[in-house]
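Q: Can you look at this prediction? I've put the sequence above it.
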Amino acid sequence: ASLLHDDGSSAPSNNGGWMSSSGEYRQRATEALAEVDRKLALVESLAQRVSRDSPEKVAGPLLRLHGFELSESSESASQNNNSDVATLTATRDKADRLERQSQVLSTVAHRVETALQRGVTRMESATTRLSRVLELSANLKMILRLQFEARKLGSGLDLESISQGGVIDLRDLTRAAASVAVMEDLLSHPSLSPANEEGSIDVVEKLRPGAETVAKSVRQAAAGLMNELQSQSTSATVSSLSRLGATLQVYFHLGELPDASWRAVSSALATAEKASSHLFHPSAVKRMKESAQSEAMALAEVEAAKSKEGGKEDFKAKDSRQRKKQLDAIYERLYIRKLREKRTAAASKWATDVSDASSRVWNLHRVLAARNDPVTRKNFLEVVAESTIPKDFEGAEEALLQTQ
């Protein structure tokens, strides 16, 4: 209307100008009507929303216009109902959204799990193959080491002398013991010694009998050397101590150093106990007295016969009772002398045997304390001390601990 009013108040002077201005006004009017339509649509949507959310605010003025009054309780009840309805609706919408989101997340998690499972399966397969390769590589290394040690035993070592107990080179025996220890360790490995024959390795099984034979020969040679060194006299020379050290080195390579040392100590202790039993046992004392009595009686008869044959007048003049008393006196004197000689000889033999046994143990302790393995630098005495003490010496250990 304003546009038409403006148009009528200012009429154009010519027809061309009026036509251009009328088109412009028509366009502006069309735009204004479109804007009005948009505002009306907005007002209508707002009215619908208000009527849906708060119907009492829309219907209340109309009801009051027609003479109806709304109480506050009804208004509050309607508000509560509307709020409850709105709350339930919102909760349901949220639940629907959460359900859809959970489904989406479940799908994504399933896809991720499937992808990870495929990766884990591939990785497990690759690690399994790698572990088999590593196991085969370790077995191959052990087989090559077995062959190397077998060649060492076959070249440069006089195995015949070792097995036959002849003249043994201690250096060869030590090298053989080191190789035997390595081969026994490798042959006892679970990978090279399967439980069934199907999983056995031909190369390893071919080397096993030879290694067992050489190990037996080395142990026999070492035992023979130890017995020979233990049976020597108390005067230990430098060469004997060196041989004892080499023998202990052989036992160290074989892993039997504590057992060999305790066997040597037990042997010395048995020697000392045997010597003590020969001296202090009641039967030995009885045999000693009987021997002294028999020898004294024989010597007394011989001396009495010599006195009788000598023609001594005092001996002939004596009666049989006096001669018997004289014979008893001679016998008693000779018996005491013979018994003293027997005791002196037995005590000397006992002292020699006990001294020999003590010297063997002392020399063994000296060599153990002074000897070290050239590879591991372990002291032999420390190796023996770390081992378990045999039951035969547990009482002695307790006695020593109590005295300390």
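A: Structure received.
Q: I'd like to know which elements the longest helix along the chain is packed against.
A: Counting residues, the longest helix found in the chain (DSSP state H) is helix 72-154. The contact analysis (3 or more CB pairs under 8 Å, 6 or more residues apart in numbering; DSSP states H and E) places helix 72-154 against helix 55-65, helix 170-187, helix 202-230. To be clear about C-beta, it is placed using only N, CA and C from the backbone, and glycine gets the same treatment.
Q: now the longest one: mean pLDDT?
A: Rounded to a whole number, the mean pLDDT of helix 202-230 is 83.
Q: Pull out the buried residues from it.
A: 204, 207-208, 211, 214-215, 217-219, 221-223, 225-226, 229-230 (16 or more other CB atoms under 10 Å).
Q: next SSE after it?
A: On the C-terminal side of helix 202-230, the closest following helix or strand by DSSP states H and E is helix 238-254.
Q: Show me what secondary structure element comes after that following helix.
A: Immediately after helix 238-254, counting by DSSP H and E, sits helix 257-280.
Q: tell me the angle of that following helix relative to helix 202-230?
A: Between helix 257-280 and helix 202-230, the angle comes out at 30 degrees (axes from the mean of the first three to the mean of the last three CA atoms, to 10 degrees).
Q: list the buried ones in stretch 379-393?
A: Phe380, Leu381, Val383, Val384.
Q: Low-confidence ranges, the stretch 1-150 of the chain, go.
A: When residues are selected by pLDDT under 70, those of the stretch 1-150 of the chain lie in 1-21, 51, 55-60, 62-63, 66-86.
Q: next one: the longest helix of the chain to chain centre, how far?
A: Between the centre of helix 72-154 and the centre of its chain there are 35 Å (CA atoms, centre = their mean, to the nearest Å).
Q: for stretch 352-360, same thing?
A: 42 Å.
Q: For it, the averaged confidence score.
A: 87.
Q: Return the list of helices and strands in contact with whichever strand or helix holds Ala329.
A: Per DSSP H and E, Ala329 falls inside helix 320-370. Counting contacts by 3+ CB pairs under 8 Å, 6+ apart, helix 320-370 packs against helix 238-254, helix 257-280, helix 282-309, helix 380-386.
Q: so the longest one versus helix 257-280, what angle?
A: It stands for helix 282-309. Using the same axes, to 10 degrees, helix 282-309 lies at 40 degrees relative to helix 257-280.
Q: buried sites along helix 282-309?
A: Applying 16+ other CB under 10 Å to helix 282-309 flags Met288, Ala292, Glu295, Ala296, Met297, Leu299, Ala300, Glu303, Ala304, Ser307 as buried.
Q: For that helix, what does the pLDDT average out to?
A: 79.
Q: could the helices and strands packed on helix 320-370 go into TSV alongside distance to Ala396?
A: Shown next, in TSV, are the helices and strands packed on helix 320-370 (distance: least, CB to CB, whole Å):
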stretch	distance to Ala396
helix 238-254	22
helix 257-280	10
helix 282-309	25
helix 380-386	15
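Q: Determine which of these approaches Arg122 most closely.
A: helix 238-254 (47.5 Å; CB to CB).
Q: pLDDT averaged over the closest one, what's the number?
A: 84.
Q: Restrict that helix to CA atoms and write it as CSV.
A: Only the C-alpha atoms of helix 238-254 are listed here, as CSV (Å, rounded to 0.1, in the frame of the first residue of the first chain):
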residue,chain,number,x,y,z
VAL,A,238,107.0,-81.3,43.7
SER,A,239,106.3,-83.7,40.9
SER,A,240,103.8,-85.7,42.9
LEU,A,241,102.0,-82.5,43.9
SER,A,242,102.0,-81.4,40.2
ARG,A,243,100.5,-84.8,39.2
LEU,A,244,97.9,-84.4,41.9
GLY,A,245,97.0,-81.0,40.6
ALA,A,246,96.7,-82.3,37.0
THR,A,247,94.5,-85.1,38.2
LEU,A,248,92.2,-82.7,40.1
GLN,A,249,92.1,-80.6,37.0
VAL,A,250,90.8,-83.7,35.1
TYR,A,251,88.1,-84.2,37.7
PHE,A,252,87.2,-80.5,37.5
HIS,A,253,86.6,-80.8,33.8
LEU,A,254,84.5,-83.9,34.4
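Q: Which strands and helices lie in contact with it?
A: helix 170-187, helix 202-230, helix 257-280, helix 320-370, helix 380-386.
Q: ok, back up a step: just the buried residues of helix 202-230 now: which is nearest Val367?
A: Distances from Val367 to those, taken as CB to CB, are shortest for Leu229 (9.8 Å).
Q: Quick check: nearest residue in space to the closest one, chain neighbours excluded?
A: Once flanking residues are discounted, Leu229 sits nearest to Leu244: 5.1 Å by CB to CB, 6 or more residues apart in numbering.
Q: again with Tyr331
A: Ala300 (4.0 Å).
Q: Next, count neighbours for Ala32.
A: Using other CB atoms under 10 Å, Ala32 has 12 neighbouring residues.
Q: by how many degrees do the helix or strand where it lies and helix 72-154 diverge?
A: In the assignment (DSSP H and E), Ala32 maps to helix 15-53. Orientation check (the same axes, to 10 degrees): helix 15-53 against helix 72-154 gives 80 degrees.
Q: what are the phi and psi angles of Asn372?
A: phi -130, psi 150 (degrees, to the nearest 10).
Q: Begin at 188 from now on, thanks
A: Sure, I'll start numbering at 188, so the last one becomes Asn559.
Q: do you know how far it is from Thr217?
A: 114 Å (CB to CB, to the nearest Å).
Q: more neighbours, the two?
A: Asn559 (16 against 10).
Q: Tell me what the more buried one is bridged to.
A: Counting by DSSP bridges, Asn559 is bridged to Asn566.
Q: That one contacts Lys565, correct?
A: Yes - with contact defined as CB atoms under 8 Å, Asn559 counts as touching Lys565 (6.6 Å).
Q: on that earlier part again, any chance of the buried residues of stretch 566-580 in TSV, with pLDDT and distance to Glu528 too?
A: Converted to TSV, these look like this (pLDDT from 0 to 100; distance: CB to CB, whole Å):
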residue	pLDDT	distance to Glu528
Phe567	90	45
Leu568	89	43
Val570	90	48
Val571	89	43
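Q: just to revisit the earlier point, tell me the one of the buried residues of helix 389-417 nearest Lys536?
A: So of the buried residues of helix 389-417, ranked by how close each gets to Lys536 (CB to CB), first place is Gln417, at 18.4 Å.
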